[in-house]
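Enquirer: Sequence first, then the predicted structure:
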Amino acid sequence: MSQTVAYNLIAIFSLLPAALVMHRKDATADHAHWSAIILGVMGTGIWALALTSSQWQAGLSAALWVTVAVTMALFAMLSWSVKESWRLTPLIAPYMMAIGAFGLIWAHAAGHGLQTGVLDGWVVLHIAVSVVTYGLVTIAAVAALAAFLQERALKSKRPTKLTHKLPSVADCEFLTVRLLGWGEAILGLGLVTGMAAEYQSMGQFLVFDHKTVLSVSTFVIIGALLYAHHKTGMRGRKAARIVLLAYLLLTLGYLGVKVVTDVLMA
């Protein structure tokens with residue numbers, strides 16, 4: 001077993017306690033829960049830093065691990081500061097393990113790196129904003145999925161062990177709207193920093209490639225959803241589907257190009 005595979009596995013298994021801790025009979029946000037979350041944040045964060053410490057890796061595997069690390073860090077902060085958000089752990093932790101598994105599968109893919117010495121301020125800011133945006137929208141999509149599961153369980157009158165541990169529909173919708181609001185603001189900043197970086201490197205503000213189109217489409221969809229929620233109170237399954245659509249578009253824009261370059265064209 002190579003060192004890279006071993007480190008990937010260690011990072012994946014650092015999330016396992018978080019994936020299991022909520023399946024206790026009387027699961028609460030106690031010391032065991034927080035210890036599991038902190039272990040997941042540290043395990044994934046250390047591996048993501050190791051992958052990007054010498055240079056910014058633009059490959060798929062590194063992007064996946066940075067996504068996992070940032071999402072877990074944001075989720076930890078959210079769990080600490082927002083009531084009932086910690087109850088998303090049964091969905092967040094397994095999903096992050098799945099993304100980490102894809103990072104392991106494509107660890108062999110030859111990504112390319114950008115030397116940190118040649119990264120100007122706009123590019124660094126754009127990368128940071130993009131990663132944080134994706135992390136926030138990821139958690140918002142998980143909250144929307146939790147609301148969908150809870151609503152379906154209520155309508156069918158068949159709650160499951162999972163839905164008993166998730167936040168209520170109202171709490172899920174509150175989290176989704178708040179996270180989408182933050183994500184929309186930071187995504188707007190990401191579009192501005194992206195244009196600034198493009199102008200500095202190519203002399204033009206906007207390049208209409210697939211990444212730009214998908215990012216702008218996501219910005220418009222999230223904005224329309226937030227407006228509809230404010231004006232009409234739109235929620236429930238319809239809102240959840242729109243959130244998941246926005247997340248799909250953002251995923252295609254953020255990770256899709258890396259799948260094409262590192263996997264399909266490798």
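Expert: In hand now; what should we look at?
Enquirer: What ranges does this protein have for its strands?
Expert: Using DSSP state E, the strands assigned to the chain run over residues 56-57, 113-114.
Enquirer: mean pLDDT lowest for which of the ones you listed?
Expert: Of all the strands of the chain, the minimum mean pLDDT falls on strand 113-114 (a mean of 49).
Enquirer: How far away from the center of its chain is stretch 137-154?
Expert: Here the centre of stretch 137-154 is set off from its chain's centre by 15 Å, with CA atoms, centre = their mean, to the nearest Å.
Enquirer: An error on my part: the question was meant for stretch 62-78.
Expert: Worked out by CA atoms, centre = their mean, stretch 62-78 lies 7 Å from the chain centre.
Enquirer: Please identify the buried residues of it?
Expert: By neighbour count on 16 or more other CB atoms under 10 Å, the buried set for stretch 62-78 is 62-76, 78. Placement of C-beta: from N, CA and C, glycine included.
Enquirer: What is the neighbour count of the closest residue in space to L20 that isn't next to it in sequence?
Expert: Closest residue to L20 apart from its sequence neighbours, by CB to CB, 6 or more residues apart in numbering: A36 at 7.7 Å. Using other CB atoms under 10 Å, A36 is surrounded by 21 other residues.
Enquirer: what's the pLDDT at A36?
Expert: So A36 comes in at 95 (pLDDT).
Enquirer: Same question for E198.
Expert: For E198, the model assigns a pLDDT of 69.
Enquirer: For the stretch 151-266 of the chain, give me the ranges with low pLDDT.
Expert: Counting by pLDDT under 70, the stretch 151-266 of the chain contains low-confidence ranges at 197-209, 256-266.
Enquirer: Might you report the residue contacts of T67?
Expert: The contact partners of T67, taken as CB atoms under 8 Å, 6 or more residues apart in numbering, are I99, V131, Y134, G135, T138, Y254, L255.
Enquirer: Pull the contacting residues for the first one.
Expert: Taking CB under 8 Å, 6+ apart as the contact definition, I99 lies against L64, T67, V68.
Enquirer: The last one touches G100, doesn't it?
Expert: Yes. V68 is in contact with G100 according to CB atoms under 8 Å; the separation is 5.4 Å.
Enquirer: which neighbours do those two share?
Expert: A11, L15, T44.
Enquirer: Return the closest of the residues you listed with respect to L166.
Expert: L15 (18.2 Å; CB to CB).
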